[in-house]
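*Asks:* structure, please.
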Amino acid sequence: RDRPAAPGGRGRQVGTVPGTLPPVAEIVPGARTVLLDGVPDPGELARRLADWDVPSRPADDGGVVEIHVRYDGPDLADVAALWGIGTGEVAARHSSYTYRVAFCGFAPGFGYLTGLPPHLNVPRRDTPRTRVPAGAVALAGPYSAVYPRATPGGWQIIGTMPDPAPLWDLTRAEPALLTPGTRVRFVAEDGAA
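*Replies:* Next up is the predicted model:
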């Protein structure tokens, strides 16, 4: 498939048509990388991409997915202590930012959301849990996430989504609600924020 080289068609000719990538089987974004699977000549593409001018994405483009959260997680007190605030303030702080899904991984539909400032980064748990329930809202390093299904996990759980069903639905054309680029806002339930 041909993919646009960059928003607005800006960029150098990489594929057979100016402003497009050559046909690839799949594009998989990561934390600091992008995997282009099935590129006919990876070396040539790498040489051309090195000089590619890719503009930054506008901060406010597209709609926003709202995730309702009860800030009642088992690690809420630990996160509050790390942030130097009371447990009642975590909901207001966490829900005050707009996040963006940077990439997906770990489990189908699991989006790594960026948007917390660096001073709010928290470490992963020393001992991962063997089961984190679907809908758990959690933090690790610079990321926030919502577990789309029950899995093991080592993130700090600060809340729960009352109905996690929309996160992953195989009856939709795109099963994952949170895909790369999606903007997300957390909405505290029960007047927590």
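*Asks:* which residues does the residue lying closest to Gln156 once chain neighbours are set aside contact?
*Replies:* Nearest residue to Gln156 in three dimensions, chain neighbours excluded: Asp75, at 4.1 Å (C-beta to C-beta, 6 or more residues apart in numbering). C-beta coordinates here come from the backbone N, C-alpha and C atoms, glycine included. Taking C-beta atoms under 8 Å, 6 or more residues apart in numbering, we find Asp75 in contact with Arg125, Ala138, Gln156, Ile157, Ile158.
*Asks:* ok, Gly181 touching Tyr99?
*Replies:* No. When contacts are counted by C-beta atoms under 8 Å, Gly181 is not listed as touching Tyr99 (11.5 Å).
*Asks:* of the two, who's got more company?
*Replies:* The neighbour comparison of Gly181 against Tyr99 (other C-beta atoms under 10 Å) goes to Tyr99, with 24 against 14.
*Asks:* is it true that that one lies in a strand?
*Replies:* Yes. Using DSSP: H, G, I helix; E, B strand; the rest coil, the secondary structure at Tyr99 is a strand.
*Asks:* all helices for the protein, in order.
*Replies:* Using DSSP state H, the helices of the chain run over 42-49, 76-83, 87-94.
*Asks:* so which of these comes closest to His119?
*Replies:* Of all the helices of the chain, helix 76-83 sits nearest to His119, with 8.3 Å by C-beta to C-beta.
*Asks:* flag every buried residue along that closest one.
*Replies:* Leu76, Asp78, Val79, Ala80, Leu82, Trp83 (16 or more other C-beta atoms under 10 Å).
*Asks:* kindly export that helix (C-alpha atoms) in CSV.
*Replies:* What follows is helix 76-83, C-alpha atoms only, in CSV (Å, rounded to 0.1, in the frame of the first residue of the first chain):
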residue,chain,number,x,y,z
LEU,A,76,-3.6,5.5,44.1
ALA,A,77,-1.9,6.3,47.5
ASP,A,78,1.5,5.3,46.1
VAL,A,79,1.1,7.6,43.1
ALA,A,80,-0.1,10.4,45.3
ALA,A,81,3.0,10.1,47.5
LEU,A,82,5.2,10.1,44.4
TRP,A,83,3.5,13.2,43.1
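*Asks:* quick one, that helix and helix 87-94 angle?
*Replies:* 70 degrees (axes from the mean of the first three to the mean of the last three C-alpha atoms, to 10 degrees).
*Asks:* could you give the average pLDDT over helix 76-83?
*Replies:* Averaged across helix 76-83, pLDDT comes to 98.
*Asks:* what is it packed up against?
*Replies:* helix 87-94, strand 156-160 (3 or more C-beta pairs under 8 Å, 6 or more residues apart in numbering; DSSP states H and E).
*Asks:* roughly how far is the shortest one from the heart of the chain?
*Replies:* For strand 156-160, the distance from its own C-alpha centre to the chain's C-alpha centre is 16 Å (C-alpha atoms, centre = their mean, to the nearest Å).
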